[in-house]
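Engineer: From the sequence below, what's the structure:
(one chain, ligands or ions: 1)
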Amino acid sequence: MKTPTIETERLLLRPLVFEDCYEAFERWTSDPDVARYMRYNAHKSVEETKEWLSTVDEESDTAYDFAICVKAEGNYLCGSCGVYFSKRSNVWNVGYNLAKDHWRQGYGTEVMTALVNFLKNDLKVTAIEGMFANENVVSGHVMKKCGFETVGQIEDYKFDGVTKHDCELLRINVKGEKKKFKLSNGIEIEPIGYGTYLAEEGSIKKAVNAGYRYFDTASFYKNEEMIGKELKDSGLKREDLFIASKIWPTEFGYKEAFEAFERSINKLQTDYLDLYLLHWPREKGDSQWKSHLCQTWKAVCELYNAGKIKAIGVSNFLPHHMKVLEENFEILPMVNQLELHIGYMQNYAVDYCRERNIHIQAWSPLGRGRIKENPFIVKMAEKYMVTPEKLMLRFLNQQDISIIPKSNNEERMKANLDIYDFTIDEFDMSLLLSLPQLGFSDEHPDL
Ligand SMILES: NC(=O)c1ccc[n+]([C@@H]2O[C@H](COP(=O)([O-])OP(=O)(O)OC[C@H]3O[C@@H](n4cnc5c(N)ncnc54)[C@H](OP(=O)(O)O)[C@@H]3O)[C@@H](O)[C@H]2O)c1
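Structural biologist: Model (predicted):
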C-alpha cells in the first residue's frame, strides 16, 4: 500500500520524501532535544538527514513514514511520524517527533490519534505497540490519551543507539464483543459453555462461581447425576441455566431414544433440556445405521415438538450423515458439535452446516492439551500477549463458533471465559486457518 495522505483537524500527514531533508534538518533532526528520544542521534549535517530520508520507502508494506504539516501555517513542515511492523514483537509500532517550536500545542495527540486510526481502519491492525522513556512524561501522557495501556517496562533501551533510557511499553488491543449466538429456531445460546467430560466432583459448583451458565454433558460421561445435584445446590433458577446432553449410539432407536432422554432428564433433575444432541451418527460396524439414525431423530423431533427440548442437534456429523436426515425429515439439526481447534478445522463439514444455517460448536477447543506447545501457536500467543489457550478459544469464537472448554481448576475456568480483551487480526486468522493438521484426537465417526 502506498503511503496515503491523512488530514486531521489542524494537520496534514503526507508521505515523507527525500526532498524534505533541508527543512527537516533545520527544524528538528539537528536539534539534540528532539533527537534525544529518537532512533537517530541529532544530525550534524544535512547529509545525515539525507541518508536517513533515503531509507524511506513510499511503497513499503511494513513501514509508513509521514511528514507532519500544519495546515494553518501553509503546510509548514513541523515533524515526522510513522508506523512500522516490528520484527522484535511481531506487532505494529507507532512513533512521532515534532520540532521544538511546535511542542505543547496538542499536535502529538492529534498525530497519534490519526496513526492509531490508520492502523485500525486502513491496515486492519488489532494490536498496536508503542514505547516512551519514563522521563518523557508528555509522550506517555499523549499515548495514554490515545488509548494505550501499559504492558511492561524495558530497562536501558537506546532510542538513539547510544543513550540508555528506562522505558514503558504500551499497547492498544482492539477488544471483542461477547455475544450470544442465535440458532435457526431463534433460541439463543452462550458463546462459551462448560464442557463436563472428565469434570471432577465439585467442578460444577466452581464453574457456576466462575460465571458459567451453559453445561455440556452426555449420557456417556456418566456425570449427569453429579451435574443435576450440583446445579440444584447452586440455587440458580432453571431458566437461567442452559443444559445440553447427548444420546449415545447404543441408545439409538425410536422407543429407546425416549427412554434415554427420560434417563438423562431424571439424572439432571430437570423436566426439559435446552439442547439434546445425537452424540455420534452411528455405532461402529452397524450395517443399518441409517435406519437407526432416522428412528432416533424421529423421536428427538417429537420431543422437540412437545416442548421437552428447546433445540435439537447432532455431534460429529459429516455432510454424508447430515444428508440422511435432510432426505427424511423436515426438521434439521440446529447445532453440530464437532472436534474443532487450531490445526483441525474440518472445513468441509463446517461450510456444509453453515450453508444450512446449522450452528457450529467446538468440542476439545483446546485440543485437550495436545497443541499448546506447538511453536507456531506459542509465537502467535506471545505476539498478542495471551496464553496459547486464550488464543485457541478466541480463534474459534471469532469465527462465530461456540466453545465448551473443560477445566477442573476455577482459575482456568475463569480464564476460559475471559477471552474478549483482544482480537486476532485477519492476517493472523488466515495464517492460523492455513496450518497443517495438528492435534487430531483420532476419533472419527466412520473409521
Ligand atoms: N461431542 C463429542 O464427541 C465430544 C468429544 C469430546 C469432548 N466433548 C465436550 O467438549 C468438552 C471439551 O473438550 P475436552 O474436555 O476434550 O478438551 P479441551 O476443553 O480442549 O481441553 C481440556 C484440557 O485442557 C486443560 N485446560 C483447560 N483450560 C485450560 C487453560 N486455560 N490453560 C491450560 N490448560 C487448560 C484441562 O485441564 P484442567 O482440567 O486441569 O484445567 C484439560 O486437560 C468436553 O468436556 C465435553 O463436554 C464432546
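
Engineer: give me phi/psi at the residue in the stretch 1-150 of the chain that the ligand sits nearest to?
Structural biologist: Proximity to the ligand, evaluated over the stretch 1-150 of the chain using CB to the nearest ligand atom, is greatest for residue 127 at 20.4 Å. The C-beta positions use only the backbone N, C-alpha and C, and glycine is treated the same way. Residue 127 adopts backbone torsions of phi -140, psi 120, taken as degrees, to the nearest 10.

Engineer: again, but for residue 310
Structural biologist: phi -80, psi -30.

Engineer: Tell me the residues on the protein that lie near the ligand, please.
Structural biologist: When proximity is defined as CB under 6 Å from any ligand atom, the chain approaches the ligand at 195-197, 216, 279, 315-316, 337, 363-369, 389, 404-409, 412, 415-416.

Engineer: Buried residues, stretch 247-254. List them.
Structural biologist: By 16 or more other CB atoms under 10 Å, the buried positions in stretch 247-254 come out as 247, 249, 251-253.

Engineer: actually stretch 271-282, not the one I typed
Structural biologist: 272-282.

Engineer: is it fair to say residue 399 lies in a helix?
Structural biologist: No: Residue 399: not assigned to a helix; according to DSSP: H, G, I helix; E, B strand; the rest coil it is coil.

Engineer: And stretch 192-202, end to end?
Structural biologist: 20 Å (CA to CA, to the nearest Å).

Engineer: same thing with stretch 181-190?
Structural biologist: End-to-end for stretch 181-190, by CA to CA: 7 Å.

Engineer: Any buried residues in it, and which?
Structural biologist: Buried, per 16+ other CB under 10 Å, within stretch 181-190: 181, 183-184, 187, 189-190.

Engineer: And stretch 341-349, by the same measure?
Structural biologist: Neighbour-count burial for stretch 341-349 flags 341-346, 349 (criterion: 16+ other CB under 10 Å).

Engineer: Export only the CA atoms of that stretch, formatted as PDB.
Structural biologist: The C-alpha atoms that make up stretch 341-349 are tabulated as PDB, following Å, rounded to 0.1, in the frame of the first residue of the first chain:
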ATOM      1  CA  HIS A 341      -9.400 -26.400  17.200                       C
ATOM      2  CA  ILE A 342      -6.400 -24.700  15.600                       C
ATOM      3  CA  GLY A 343      -5.000 -27.300  13.300                       C
ATOM      4  CA  TYR A 344      -8.200 -29.300  12.900                       C
ATOM      5  CA  MET A 345     -11.000 -27.200  11.400                       C
ATOM      6  CA  GLN A 346     -13.000 -29.700   9.300                       C
ATOM      7  CA  ASN A 347     -13.800 -27.000   6.700                       C
ATOM      8  CA  TYR A 348     -15.900 -29.200   4.500                       C
ATOM      9  CA  ALA A 349     -18.300 -30.200   7.300                       C
END
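
Engineer: Start at 33, not 1
Structural biologist: Done: numbering now begins at 33, and the last item shifts to stretch 373-381.

Engineer: For that stretch, which outside residues touch it?
Structural biologist: 349-351, 368, 370-372, 394, 396-399, 403, 406, 409, 423-424, 427-428, 464-465, 467-472 (CB atoms under 8 Å, 6 or more residues apart in numbering).

Engineer: now the residues you listed: which count as buried?
Structural biologist: Using 16+ other CB under 10 Å, the buried members of the contacts of stretch 373-381 are 349-350, 368, 370-372, 394, 396-399, 403, 406, 409, 423-424, 427-428, 464, 467, 471-472.

Engineer: What about these, which are in helices?
Structural biologist: If you go by DSSP state H, the buried ones among the contacts of stretch 373-381 have 409, 423-424, 427-428, 464 in helices.
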